[in-house]
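**Student:** Following is a predicted model, sequence given first.
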Amino acid sequence: MESPPSSADLLRKAIQAARSGREMTARDLFQDVVRLDPGNEVAWMWLSGLLDSLEDRLAACEQALFLNPRNAPMRAYYEKLLAEQEAIRQRKRLELEEILAYARAQYEKKEYGQALLVVQELLRQEIQLAEAWLLYAKLVSSIDEKIQAYESALRLDPSNAEARQQLERYHQYQKEPHELAAYFEEEGKLDEAIAVYQEIAAKASNSSEFNHAYREMVRLEDLKIEKVRYVHPVVHIMRISAGLPLFYFLLVLLQEGLNPFAHFAFYHWIGVPFVMLGSFLIAIAAVPSHKIWQRLFGKHNGRASKGARWTVAIGGWVLVLLPHLLLTLDSFARLATFQTPPLPRF
Amino acid sequence: MIPLNDTEPNRYSYFPLMTIFLIVVNTVIEFSKPLYLTDWTIEEYWPLLMRYAFTPQLILNVQGAGMLSNITAMFMHGDFLHLVSNMGALWVFGRRVEDACGPLRYLIYYLLAGTCAHILTAIVLYDSPIPGLGASGAIFGVMGAYLLLYPSGRIRTLVVIWGLPTWPRIRAGWIALYFVALQIIPALDILFGNGDYSIGYWAHLGGFFACVFIFLFLRPEAFARYLSDTSV
């Protein structure tokens, strides 16, 4: 009976096979050697050149270097393989980024369906891009899916401020989905708002909650038919901010006899900045979706609560009314010394 | 031609709070006249008019109540018919303009239109010692705003044809143009021919032209609808 070949015999045969160009045979024999003798550095070195995939060759290199860290040629070869792997990764990443740019372009063109298909394909790849998850979060309407997407983006890029901010925001929205729907509506994204109400209706715990969500869906569908144009909140804020200062300006003109150069009074005009600031506060209270709420109050969902809006509006009105009160007091002071002219003959 | 009622419904609110409030305040002020008038003569009324009605000469000479008289004049009326005609027009045109603005912004717009009316009066009739009073300047502003926002809105209007009363629904545009056209010739006569009128035609025109400022007071949804060429 023939005894099984030793690892040394196998190694010799494997080297012969490799040198004679029979690479497949050599690779199988080297694999048999490392199975029998996992500490065989020579076999691992040969395998690092014979294995098919780059990852397997890198693994063989690592094993050889583990057995003999001073193996300088092996280390040089390992670094070469690592550089090769990085180059492949970079090429692949560039390809994926190009695809992502295409998906973004589709998103900008409001081809949301096409953009979603492309992003879903991207997310199936081995290399994951945080930006792809961010785009995916924008494309899906379900709050849960958005949260998962932002979490994935944060796992890939923990320093991504946008993902962190949005994740906090949607956690807040998870508690208050009506706020999210209202936000979408104010942003002019009626389809997203309807999708949120659909989700609310699907999760409704009682009939009144379901009815409310259903009524909102019907109202938004009507709005879609009406095709109301989206107007940026900044336009509304600028517009609404202008009304009260204009009114105050005209009142001051009247108080100064329509000739402010001849009858200038500093305490009339000092009210202008107060009225402007107050009017601005009143305007932002009227536009709850503006980002200024997030900046001023650090609210996670980026929308003003009713309490905050009322507080800001009341503050604004106080600032607006104070200069008006001053003008009124000035009028009464003038009346106190006013001599009624005689009745003219008509 | 007397406008009776706006036949279209509100969109954003159910109750025209500020329009009703303005009508009530104007009516209360008119009905409180017996508290300070006993013999109902112009001599008795004159000091009050000089203090609280809008007199261009006093305004330009920085005398009297100044800007306060601009506001108070908007809430004073000459007689009951003056009050009824103004408040009727305010009810017809104000309800939906308030709906498009919201009550507080509507109030500011109303006062702004009245102020514009007074300023134009003061510029044109700069040496007039005759006090002007009434809400009509502000109401013309509201009418102008209605014309801009709801040009195709229909107003139930009392029209007497050959002595027979009829009440057709007439487009707001025609009614507004009719009332503005009624002001233009007397206003030009005042400007060039020194015509003597007891009605503030220039105030009406000033108020009407203030309607361009309505866009500063519209609620966001109404403004977006206006830009979208859909019914505000």
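**Tutor:** Structure's in. What do you need?

**Student:** tell me which residues in the host helix or strand of B:Arg51 are buried?
**Tutor:** Element membership for B:Arg51, per DSSP states H and E: helix B:42-52. For helix B:42-52, burial by neighbour count (16 or more other Cβ atoms under 10 Å in any protein chain shown) applies to B:Tyr45, B:Trp46, B:Leu48, B:Leu49, B:Met50, B:Arg51, B:Tyr52. C-beta here means a position set from N, CA and C on the backbone, and glycine is covered the same way.

**Student:** what does stretch A:238-256 give?
**Tutor:** Residues of stretch A:238-256 classed as buried by neighbour count (16+ other Cβ under 10 Å): A:239-256.

**Student:** Make JSON lines from the buried residues of helix B:42-52 and add pLDDT to it.
**Tutor:** What follows is those, written out as JSON lines (pLDDT from 0 to 100):
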{"residue": "B:Tyr45", "pLDDT": "88"}
{"residue": "B:Trp46", "pLDDT": "91"}
{"residue": "B:Leu48", "pLDDT": "91"}
{"residue": "B:Leu49", "pLDDT": "92"}
{"residue": "B:Met50", "pLDDT": "93"}
{"residue": "B:Arg51", "pLDDT": "93"}
{"residue": "B:Tyr52", "pLDDT": "94"}
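
**Student:** Whatever residue of the stretch 1-150 of chain A ends up closest to chain B: what secondary structure?
**Tutor:** Residue of the stretch 1-150 of chain A nearest chain B, by Cβ to the nearest Cβ: A:Lys110 (17.4 Å). Taking DSSP: H, G, I helix; E, B strand; the rest coil as the rule, one finds A:Lys110 in the coil state.

**Student:** So what's the residue count around it?
**Tutor:** 10 (other Cβ atoms under 10 Å in any protein chain shown).

**Student:** so what's the residue nearest the centre of chain A up against?
**Tutor:** Ranked by distance to the mean C-alpha position of chain A (Cα atoms, centre = their mean), the top residue is A:Glu162 at 4.5 Å. Residues in contact with A:Glu162 (Cβ atoms under 8 Å, 6 or more residues apart in numbering or on different chains) are A:Leu134.

**Student:** Looking at it now. What's its pLDDT?
**Tutor:** Looking at A:Glu162, its pLDDT stands at 86.

**Student:** cool, A:Ser53 as well?
**Tutor:** Looking at A:Ser53, its pLDDT reads 87.

**Student:** so which helix or strand takes in B:Ala145?
**Tutor:** Following DSSP H and E, one finds B:Ala145 within helix B:136-149.

**Student:** what does the average pLDDT come to for that helix?
**Tutor:** On average, helix B:136-149 scores 95.

**Student:** now stretch B:158-166
**Tutor:** What stretch B:158-166 shows for mean pLDDT is 89.

**Student:** Mind listing what's buried along that stretch?
**Tutor:** Buried residues in stretch B:158-166, counting neighbours by 16+ other Cβ under 10 Å, are absent.

**Student:** Which residue does chain A have closest to chain B?
**Tutor:** Closest point on chain A to chain B, by Cβ to the nearest Cβ, is A:Ser331, at 3.4 Å.

**Student:** In contact with that residue, which residues are there?
**Tutor:** If you count contacts by Cβ under 8 Å, 6+ apart, then A:Ser331 has A:Gln255, B:Ala65, B:Gly66, B:Met67, B:Leu68, B:Ser69 around it.

**Student:** did I read that right, the residue nearest to the centre of chain A in a strand?
**Tutor:** No: counting by three-state DSSP, A:Glu162 is located in no strand; its state is helix.

**Student:** May I see the buried residues of stretch B:135-148?
**Tutor:** Within stretch B:135-148, the residues scored as buried using 16+ other Cβ under 10 Å are B:135-148.

**Student:** Just the closest of the residues you listed to A:Asn68, please.
**Tutor:** A:Asn68 lies nearest to B:Leu148 out of the buried residues of stretch B:135-148, by Cβ to Cβ, at 88.3 Å.

**Student:** Mind jotting down where the strands sit in chain B?
**Tutor:** For chain B, the strands defined by DSSP state E cover B:2-6, B:154-161, B:164-166, B:169-171.

**Student:** do you know which of these lies nearest chain A?
**Tutor:** strand B:154-161 (20.3 Å).

**Student:** list the helices and strands that closest one packs on?
**Tutor:** strand B:2-6, strand B:164-166, strand B:169-171, helix B:172-193 (3 or more Cβ pairs under 8 Å, 6 or more residues apart in numbering or on different chains; DSSP states H and E).

**Student:** 10 Å instead, please
**Tutor:** strand B:2-6, helix B:80-101, strand B:164-166, strand B:169-171, helix B:172-193 (3 or more Cβ pairs under 10 Å, 6 or more residues apart in numbering or on different chains; DSSP states H and E).

**Student:** so how far is A:Leu154 from B:Ala203?
**Tutor:** Using Cβ to Cβ, to the nearest Å, B:Ala203 is found at 64 Å from A:Leu154.

**Student:** likewise B:Pro3?
**Tutor:** Separation of B:Pro3 from A:Leu154 (Cβ to Cβ) stands at 63 Å.

**Student:** repeat for A:Thr311
**Tutor:** For A:Thr311, the distance to A:Leu154 - Cβ to Cβ - is 33 Å.

**Student:** Between the two, which has more neighbouring residues?
**Tutor:** The neighbour comparison of A:Thr311 against A:Leu154 (other Cβ under 10 Å) goes to A:Leu154, with 19 against 15.

**Student:** What residues does the residue in chain B that chain A sits nearest to make contact with?
**Tutor:** Per Cβ to the nearest Cβ, the residue of chain B with the smallest distance to chain A is B:Leu68, at 3.4 Å. Neighbour list for B:Leu68: A:251, A:254-255, A:327-332, A:334-335, B:51-52 [criterion: Cβ atoms under 10 Å, 6 or more residues apart in numbering or on different chains].

**Student:** Cool, thanks, signing off.
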